[in-house]
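[1] just a sequence and a predicted model for now, questions to come.
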Amino acid sequence: MAALREVVETKGVFCSLYSDRAGHFFVTPKRGERVDPSRPTQVGRALQELGIKMICAYSPLARRRSERNFGTWQGRLPQELRLRGITDLAAANAFLRREYIAELNGKFAVAAAQKGSAFVRLQRKDLDWIFSLQHERTVNQDNTVLVENRVLQIEQTRWQARWWWCTNIWTGACPFATART
């Protein structure tokens, strides 16, 4: 989510994302079967809100390419960090941005057939909402919700005394919810 947000913030919105069937991109009811587009993951929901279409790769060729990339990142990248004495996250991210990505792009990038960009300037300003983790919960008659085995009490406000009719709450940042002991 953080990487997708960074792309959207710096480059803009893109039309589609082609990926493997990893669990953070798609829900697959049974291993090896087709994905269930009616049940978006957190990533899928965020991309839907931005109007970005997700395309699931089913071909073995696409999977091999993804796995080869992961192998490179898991095999070569740790060695590059070790050789440079990089041991903390901030330094690793700086190295990725300054050197590693440019090196990979220099080796593997292919010039576009046409000039210009396929990215469209982002019109929305609510990226904190879009890229937040959102979970559907039912608000009980006593204005409480259950989140990860914790009961959260939603405080009454002058404009709304009861929330029990609400079925979708932004967990993790609801300004009205406090833990009830």
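    Sure, I can see it.

[2] what's the first-to-last distance across stretch 20-36?
    Start to finish, the residues bounding stretch 20-36 are 14 Å apart (Cα to Cα, to the nearest Å).

[3] so, low pLDDT: which residues of this structure?
    Within the chain, the stretches falling below the threshold (pLDDT under 70) are 158-181.

[4] could you list the domains of it?
    By the record's domain assignment, the chain is partitioned as 10-58, 74-115, 132-181 (automatic domain parsing).

[5] out of the ones you listed, which is closest to residue 67?
    domain 10-58 (8.3 Å; Cβ to Cβ). All C-beta atoms are positioned from the backbone trio N, CA, C, and that covers glycine.

[6] ok so, going back, could you dump the domains of the chain to TSV with distance to residue 4 and mean neighbour count?
    Shown next, in TSV, are those (distance: least, Cβ to Cβ, whole Å; neighbours: other Cβ atoms under 10 Å):
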stretch	distance to residue 4	mean neighbour count
domain 10-58	7	14
domain 74-115	16	11
domain 132-181	13	13
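
[7] tell me which of these sits nearest to residue 126.
    Closest to residue 126 of the domains of the chain is domain 10-58 (Cβ to Cβ; 8.8 Å).

[8] now the helices: where do they sit in the chain?
    2-10, 42-50, 60-83, 89-95, 101-108, 127-130 (DSSP state H).

[9] I'd like the ones you listed laid out as CSV, including distance to residue 142.
    Written out in CSV, the entries for the helices of the chain read as follows (distance: least, Cβ to Cβ, whole Å):
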stretch, distance to residue 142
helix 2-10, 36
helix 42-50, 28
helix 60-83, 47
helix 89-95, 42
helix 101-108, 51
helix 127-130, 27
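
[10] quick one: closest of those helices to residue 28.
    Proximity to residue 28 (Cβ to Cβ) singles out helix 42-50 among the helices of the chain, at 12.1 Å.

[11] which strands and helices sit next to that closest one?
    Taking 3 or more Cβ pairs under 8 Å, 6 or more residues apart in numbering; DSSP states H and E as the contact definition, the neighbouring helices and strands of helix 42-50 are helix 2-10, strand 53-56, helix 127-130.

[12] so can I have JSON lines of the ones you listed showing distance to residue 102?
    Written out in JSON lines, the entries for the helices and strands packed on helix 42-50 read as follows (distance: least, Cβ to Cβ, whole Å):
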{"stretch": "helix 2-10", "distance to residue 102": "15"}
{"stretch": "strand 53-56", "distance to residue 102": "27"}
{"stretch": "helix 127-130", "distance to residue 102": "26"}
